[in-house]
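S.K.: Prediction below, plus the sequence it came from.
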Amino acid sequence: MAVIELTKENFEAEVLKSDKPVLVDFWAVWCGPCRMISPVVDEIAETNDSVKVGKINVDEQIELAQKYGVMSIPTLLLFKNGEVAAQTVGVQPKEALIANLGL
C-alpha cells in the first residue's frame with residue numbers, strides 16, 4: 001500500500017477513523033535521521049497490508065505535531081482505533097522498529 005501524505009485536513013478520516021492500525025511518521029525535509037528511516041517506513045507500507053502508513057511533514061503540519069507532543073523527529077506513532085497505541089523516537093533498525101511498534 002502506498003504511503004499517504006497526512007495533513008490536518010485528512011488526518012481524522014485517514015487516521016482517527018481508520019478501520020486498520022495506522023503508522024504515522026513525523027518528519028522534516030532537513031532532518032538527516034528522518035531520511036535514514038524513511039526507506040524503512042516505505043518498506044513497511046509496501047510489505048505489511050495489515051497497517052496503513054502515513055507521513056506528516058512537521059514544518060507544514062505544525063498543529064498536528066504539537067497536538068501529539070512531537071518534540072524530536074523522526075517520531076513514529078501507531079494509532080489503533082483513533083488512539084496512540086505505540087511510539088518510537090529516532091532511527092532504529094527495521095526489526096527493532098517492528099518489534100517496538102508491535103507490527
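M.R.: On my side now, so go ahead.
S.K.: Now do the helices in the chain.
M.R.: 11, 32-47, 62-67, 94-101 (DSSP state H).
S.K.: The shortest one - contacts with which helices or strands?
M.R.: Under the contact criterion of 3 or more C-beta pairs under 8 Å, 6 or more residues apart in numbering; DSSP states H and E, the helices and strands touching helix 11 comprise an empty set. Yep, even glycine has a C-beta here, placed from its N, CA and C like the rest.
S.K.: how does it look with 10 Å?
M.R.: helix 62-67 (3 or more C-beta pairs under 10 Å, 6 or more residues apart in numbering; DSSP states H and E).
S.K.: from the chain's centre, how far out does the helix it packs on sit?
M.R.: Computed by C-alpha atoms, centre = their mean, to the nearest Å, the chain-centroid distance of helix 62-67 equals 13 Å.
S.K.: What residues of it count as buried?
M.R.: Judged by neighbour count using 16 or more other C-beta atoms under 10 Å, the buried positions of helix 62-67 are 64-65.
S.K.: Just the residues contacting that helix, thanks.
M.R.: 6-8, 11, 15, 24, 26, 28, 56-59, 61, 70-71, 73, 75 (C-beta atoms under 10 Å, 6 or more residues apart in numbering).
S.K.: Keeping just the C-alphas, turn that helix into CSV.
M.R.: Written as CSV, here are the backbone C-alpha positions of helix 62-67 (Å, rounded to 0.1, in the frame of the first residue of the first chain):
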residue,chain,number,x,y,z
ILE,A,62,2.8,22.2,13.0
GLU,A,63,-0.6,21.8,14.7
LEU,A,64,-0.6,18.0,14.4
ALA,A,65,3.0,17.8,15.7
GLN,A,66,2.0,19.9,18.7
LYS,A,67,-1.2,18.0,19.3
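S.K.: For it, the averaged confidence score.
M.R.: Averaged over helix 62-67, pLDDT sits at 96.
S.K.: swap in stretch 17-24?
M.R.: Mean pLDDT, stretch 17-24: 95.
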